[in-house]
Every structure is written in structure tokens, then in C-alpha cells.
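> quick one, fold the following:
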Amino acid sequence: MTGFASGSGERDGLRWGWDLRGVNGKGLELRLRLPDWVDGLEPLVRAALARRLTRGNVQVSLRLAGAGEESAADLDEAALERVIAAMVRIEAAADAAGLALAPSSAAQIVGLRGVMASGQGQADLPALRAWLMAAFEAALDDFVANRAAEGRALQGILTGRLDEVAQLVTEAAAAVDARRDEQAERLRASLARVLENADAPDEQRLAQELALIAVKSDVTEELDRLTAHVAAARALLAEEAPVGRRLDFLMQEFNREANTLCSKSGSPALTQIGLALKTVIDQMREQVQNME
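Coordinates of the predicted model:
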């Protein structure tokens, strides 16, 4: 399910901002962009997300800087000296081995871990984690509420589609009744042809063939199962717990019954109803992919 939320805070010279973005996904996939110097933050964030979410591709990012500044980053002179000394040794070893290295730019050196200090040396990490997680939990509440609002809208859409399926099942039952006389006439004609072309028909074999024809054309079970599936889907939509995966499986069962109905229809009217059922079921299946 899609969703968005953000949250920010400021304390003891630090300013932070959380962003949460989610799009549809069959499972739960998390992508986190967090400052690596705040030790222990990532496991807390992952655990909080896993407690509240079950599906979706969710991206979480945290911006952390000094209050009133665009960035709290300063050059760590000692770290820079260590990096440059290491680069000199690496280049000397490469030169001795006959390898030519591309020159490094200042931007590449600045991007190395530890060269830019972010004030983390003075930060009280346990307190900072607590402040950050409090802001994150608030943003996560908004994110979940945002997704819940979309879920309610999807619930209304799916309820409407289920109403369409129920109506089509009713029409299919009426079409079955309407074709009964036609089927009986076709069966009598088939039986007459068999009797005309056989001197002494095998009564047992004849009974088996007639039973097989009847079974192949009977769609009562398919209609009953479609009705049961509609009831099951309505019950799932009424639950408070995540039901997306169970609805996804139920859509497969809906589609199976609609396919069988089309293959056994035996009349243009019933075939048209079966095709309409497949269309509505496919529309439901696409919406179910968006549900938690």
C-alpha cells in the first residue's frame, strides 16, 4: 500500500527529520538511510516497522544536522591526516607493483567515512536514540494512519466489486434455469442418434455417457463456491487484522471457478456471464495487491 509521513525534532543543538514512503509490494521490504554513527538505531527502526507493517516496499530516511545549520559536518583533521597517509602508502605500493592509479578528488576524500565529523563525538548516543525513536514512532503512527485511510477506500471499492460478483452469480443461476429445456432437447437428440446407429446399445455404457454429459454441463457447484467465496471475502474485509495475502489467495479461487463456469457453460448467455465474472475478478485481484 502507498503511504507517506514525515516528522522532525530539535534538541541539544541537533535537528532531525524523518521521511517514510511506501509503495505496493507482496511482502515487506525495508530500505533505510540512517546516519551510521548513531549506533543501535537501525535495529530499533526495523523492529518498529516490523511490528506495524506486513506488506509494502518502505523507504525510511533520517536527516540529522546541527540546529540552525544546513549541516553539522566539520572536517576531522586527525582523520584526514590518517586517510592521506594511507593513500600515500597505497599509491607507493601500487607504483612499486607497476600499477597506475587514477588521481583522487577532494570530493572523494571528503566522502570517506570519518573524514567529516558530525558532532557525534559530543553526542549522548543513548539519549539521542531515544529522542530520534520518539520522533520516528510519531511519524510511523501517521504513516500507518495514512495507509489505513487508503485501506478503507480500497475496502469500499472491493465491496462494490463483490456486489457485482454476487449479482452475476444470480444472473448465472437464472441462465442455467433458462437453458435447462434446451439442454434436455439436445440430450434427447444425442440419444436418438446413438439409438439409430446401434443395433443393441450397451445400456450400462449408455447410462455412463448420459451421466458424463450431465456432469460436464452442471455448474451448480461452481455457482455455490462463488457464493461462498463472496461471503468469505466480505468476512475478511470486515476484519481489523491485515488480510491482503488471504484475499490474494481467495482471488485465485474466484478465478478458478469463473474459468470452470466458462468451460462448462454450454450457452452463449452463460459464457458472457462467465467472461464478465472474470473481468470483475481481475479488477479485484489488482486492488488486492495494494492491501496490507
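
> in the stretch 51-200 of the chain, which spans are strands?
Along the stretch 51-200 of the chain, the stretches classed as strands by DSSP state E, counting those that start in this stretch are 56-66, 74-75, 116-117.

> walk me through the domains of this structure.
Taking automatic domain parsing as the criterion, the chain consists of the domains 3-72+126-148, 74-110, 150-288.

> dump these to TSV, plus mean neighbour count and mean pLDDT.
In this view, the C-beta of every residue, glycine as well, is placed from N, C-alpha and C. Shown next, in TSV, are those (neighbours: other Cβ atoms under 10 Å; pLDDT from 0 to 100):
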stretch	mean neighbour count	mean pLDDT
domain 3-72+126-148	16	86
domain 74-110	11	80
domain 150-288	15	81
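
> test my guess that residue 159 contacts residue 237.
Yes: contact criterion Cβ atoms under 8 Å: residue 159 and residue 237 qualify, at 6.4 Å.

> so where do the helices sit in the protein?
Per DSSP state H, the chain carries helices over the ranges 41-52, 77-96, 106-110, 125-196, 203-217, 220-237, 244-263, 268-288.

> residue 34 is nearest to which of those helices?
Of all the helices of the chain, helix 41-52 sits nearest to residue 34, with 5.5 Å by Cβ to Cβ.

> please name every helix or strand in contact with the closest one.
Contact here means 3 or more Cβ pairs under 8 Å, 6 or more residues apart in numbering; DSSP states H and E; on that basis helix 41-52 packs against strand 28-33, strand 56-66, helix 125-196.

> adding distance to residue 43, write these out as a markdown table.
Formatted as a markdown table, the helices and strands packed on helix 41-52 follow (distance: least, Cβ to Cβ, whole Å):
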| stretch | distance to residue 43 |
| --- | --- |
| strand 28-33 | 10 |
| strand 56-66 | 13 |
| helix 125-196 | 10 |
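
> and these: which comes nearest residue 41?
Among the helices and strands packed on helix 41-52, helix 125-196 comes nearest to residue 41, with 5.6 Å by Cβ to Cβ.

> and the angle from that closest one to helix 244-263?
On the basis of axes from the mean of the first three to the mean of the last three Cα atoms, to 10 degrees, helix 125-196 is oriented at 10 degrees to helix 244-263.

> could you shift the numbering so residue one becomes 6, and keep it that way?
Sure thing, new numbering starts at 6, so read that last one as helix 130-201.

> how far off centre is helix 130-201?
Between the centre of helix 130-201 and the centre of its host chain there is 16 Å, according to Cα atoms, centre = their mean, to the nearest Å.

> who's in contact with residue 27?
By Cβ atoms under 8 Å, 6 or more residues apart in numbering, residue 27 lies in contact with 6-9, 58, 61-64, 148, 152.

> at 7 Å instead, please
6-8, 61-63, 148, 152 (Cβ atoms under 7 Å, 6 or more residues apart in numbering).

> my guess is residue 10 meets residue 142, correct?
No: look at residue 10 against residue 142 with Cβ atoms under 7 Å: they stay out of range, at 11.1 Å.

> run through who's touching stretch 7-15.
By Cβ under 7 Å, 6+ apart, stretch 7-15 touches 21-29, 72, 136, 140-141, 143-144, 147-148, 151-152, 155.

> gap between residue 266 and residue 228?
Counting by Cβ to Cβ, to the nearest Å, the gap from residue 266 to residue 228 is 7 Å.

> for residue 292, that is, sorry about that
From residue 292 to residue 228 the distance is 24 Å (Cβ to Cβ).

> again with residue 147
45 Å.

> swap in residue 11?
Distance from residue 11 to residue 228, counting by Cβ to Cβ: 50 Å.

> and what of residue 281?
For residue 281, the distance to residue 228 - Cβ to Cβ - is 14 Å.

> and for residue 10?
Distance, residue 10 to residue 228, using Cβ to Cβ: 45 Å.

> got it, and residue 155?
33 Å.
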